[in-house]
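Enquirer: Structure here, sequence nowhere to be found:
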Ligand SMILES: C/C=C/C(=O)SCCNC(=O)CCNC(=O)[C@H](O)C(C)(C)COP(=O)(O)OP(=O)(O)OC[C@H]1O[C@@H](n2cnc3c(N)ncnc32)[C@H](O)[C@@H]1OP(=O)(O)O
């Protein structure tokens, strides 16, 4: 049993399935350090608990997540060493732990799934989306950064489509994401939770050791093609961008401007 008390996530045990949800709907589920620490804590518990067979990662409210909490981020010191340590732990480290999670994971996505939040969803094995879900990662244009810290897009979209998507920073709606193979299934918004849980319960019937080995082999297939090295190399490239004048200029514009630019870029075709 998980007796931890969380504020920024919810953690529900649903038979053999645990649903862990971002829970800051008033901030559009922006991921601050508390939320990320709680998410990682709940995942560690679920990974070690024998009765848990599948984990769903979701979001309470209208949106999966608006990405990093940019308000919190602008309050942190702009010092390379401190930023690197923070991002290596909470972005790269937590994401790789989710990627390596020993049981199947499903992202359950409705509404906005933006940049940092998208990165978390992309670390899950499967993505199930509501018909109102949209995905975007416009941070090259909005924050002068080479995409989010963990660059999964070429692996789940293909190289050419990832370039189109990231160069424009546009929105991709659930139906296109399904066609592109970036999401597995799309349901009407009212059915998302029920259908995702039904899928999780179905997967949970498999023998757990065999499932763990199956996931390990599938992930190793990606590793043998360079997945982990590419992810780690991109992280350093991303961090380099935080030292530039371009970055300092956009950071000085503040939170409101970042959100406004994100909305503007997301609206472009
Ligand atoms: C490498 C970098 C990675 C990153 O992840 S950087 C972050 C990228 N994300 C963004 O730039 C933010 C994107 N947010 C949006 O586009 C919109 O939001 C939504 C489409 C998700 C929702 O739009 P709507 O329903 O009109 O809500 P609203 O009025 O924009 O926001 C409601 C409250 O939520 C706060 N908020 C939204 N996103 C963030 C965020 N990412 N970090 C911190 N706060 C956020 C706002 O400021 C506001 O707050 P108040 O009610 O006090 O005015």
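Expert: Arrived safely. None of these values were measured; they are calculated from a predicted model.
Enquirer: Please report phi then psi for the closest residue to the ligand within the stretch 51-200 of the chain.
Expert: Across the stretch 51-200 of the chain, the shortest distance to the ligand (C-beta to the nearest ligand atom) belongs to residue 67, at 2.5 Å. Quick note: C-beta positions are derived from backbone N, CA and C, even for glycine. Summarising the backbone geometry of residue 67 under the convention degrees, to the nearest 10, its torsions are phi 90, psi -160.
Enquirer: where's residue 87 relative to residue 215, distance?
Expert: Note on residue 87: its distance to residue 215, by C-beta to C-beta, to the nearest Å, is 26 Å.
Enquirer: what does residue 173 give?
Expert: When distances are taken as C-beta to C-beta, residue 173 and residue 215 turn out to be 28 Å apart.
Enquirer: Please name the residues that touch the residue of the stretch 51-200 of the chain closest to the ligand.
Expert: With contacts defined as C-beta atoms under 8 Å, 6 or more residues apart in numbering, residue 67 is in contact with 30-31, 114-118, 148, 262.
Enquirer: can I get those in a markdown table with neighbour count?
Expert: Supplementary listing: those in a markdown table, determined by neighbours: other C-beta atoms under 10 Å:
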| residue | neighbour count |
| --- | --- |
| 30 | 24 |
| 31 | 27 |
| 114 | 30 |
| 115 | 26 |
| 116 | 24 |
| 117 | 27 |
| 118 | 28 |
| 148 | 27 |
| 262 | 24 |
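Enquirer: Now narrow the residues you listed to whatever sits close to the ligand.
Expert: Restricting these to those touching the ligand (C-beta under 6 Å from any ligand atom) yields 30, 114-116, 148, 262.
Enquirer: residues in the stretch 1-150 of the chain within reach of the ligand, list them.
Expert: Residues of the stretch 1-150 of the chain lying close to the ligand by C-beta under 6 Å from any ligand atom are 27-28, 30, 63, 66-71, 112, 114-116, 139, 143, 145, 148.
Enquirer: May I have the beta-bridge partners of the residue lying closest to residue 56 once chain neighbours are set aside?
Expert: In this structure, residue 56 finds its nearest non-sequential neighbour in residue 19, 4.3 Å apart by C-beta to C-beta, 6 or more residues apart in numbering. In this structure, residue 19 has beta-bridge partners residue 12, residue 56, where bridges are defined by DSSP bridges.
Enquirer: Wait, residue 19 touches residue 12, no?
Expert: Yes. Counting by C-beta atoms under 8 Å, residue 19 touches residue 12, with 4.7 Å between them.
Enquirer: More neighbours: those two, which one.
Expert: When neighbours are counted by other C-beta atoms under 10 Å, residue 19 comes out ahead of the other of residue 19 and residue 12, with 21 against 12.
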